[in-house]
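Q: Here's my sequence, what's the structure:
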Amino acid sequence: MPAIRPASKRKPPPDGFSDIEEDLLIFSNKMKDAQNTPTDNIPKNQAQWPIFQIAHQRSRYVYELYYEKEAISRQLYDWLLKNGYADPLLIAKWKKQGYEKLCCLRCIQTKETNFNSTCICRVPRAQLKEDQDVQCVSCGCRGCASTD
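A: Here you go, the predicted model:
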């Protein structure tokens with residue numbers, strides 16, 4: 001959830017925010033719990049997985065409200081993106097063909113991998129061996145290819 005600004009500078013949320021405020025508060029509480037969880041005896045990259053997953057869930061929630069269910073207005077959607085309730089770059093990728101199930105933006109950044117390719121979780125399950133268990137190193141995803 002975004003940092004709280006002084007009341008004098010902050011614009012009030014648009015109509016309809018009160019309908020989804022409780023759900024966003026639940027995501028905020030989950031995020032705080034994930035951030036405050038002790039990370040002893042856990043590899044450094046795995047400690048961040050719950051945070052990535054909650055951020056993905058919250059962004060997917062806002063995306064589905066606007067694009068699939070059409071339950072919120074454009075004004076509220078823009079306000080949520082502007083105030084950090086959802087990741088606008090991730091949502092922009094979800095609208096493109098082939099990226100509908102993308103788990104995080106790190107999985108498609110080729111500069112962060114050893115072989116300048118996308119993450120293993122982007123490989124369709126049909127192209128993997130039968131017993132091969134796939135899990136993303138950066139976010140813990142088990143497969144976000146659009147063909148799965």
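
Q: Averaged pLDDT, the longest helix that the chain contains. What do you get?
A: Using DSSP state H to define each element, the chain has its longest helix at helix 17-36. Taken as a whole, helix 17-36 has a mean pLDDT of 96.

Q: now the protein, which segments are flagged as low pLDDT?
A: Where the chain drops to pLDDT under 70, the residues are 1-9, 148.

Q: if you take the average position of it, which residue is closest to it?
A: residue 56 (1.7 Å; C-alpha atoms, centre = their mean).

Q: if I read this right, that one contacts residue 93, doesn't it?
A: No: using C-beta atoms under 8 Å, residue 56 is not in contact with residue 93; the gap is 11.6 Å. For the C-beta atoms, the positions are set from N, CA and C on the backbone; glycine is no exception.

Q: residue contacts, residue 102?
A: Each residue near residue 102 by C-beta atoms under 8 Å, 6 or more residues apart in numbering is listed here: 90, 93-94, 108, 144.

Q: and the residue nearest to the centre of the chain, what does it touch?
A: So residue 56 contacts 90, 103-104, 139 (C-beta under 8 Å, 6+ apart).

Q: now residue 132: how far from residue 125?
A: When C-beta to C-beta, to the nearest Å is applied, the distance between residue 132 and residue 125 equals 9 Å.

Q: For those two, indicate the residue with more neighbours.
A: A direct count of neighbours by other C-beta atoms under 10 Å for residue 132 and residue 125 places residue 125 higher, at 13 against 10.

Q: Could you report the distance from the more buried one to residue 134?
A: Distance from residue 125 to residue 134, by C-beta to C-beta: 8 Å.

Q: shared neighbours of those two, anything?
A: Common contacts of residue 125 and residue 134, defined by C-beta under 8 Å, 6+ apart, comprise residue 143.

Q: Cool, thanks, signing off.
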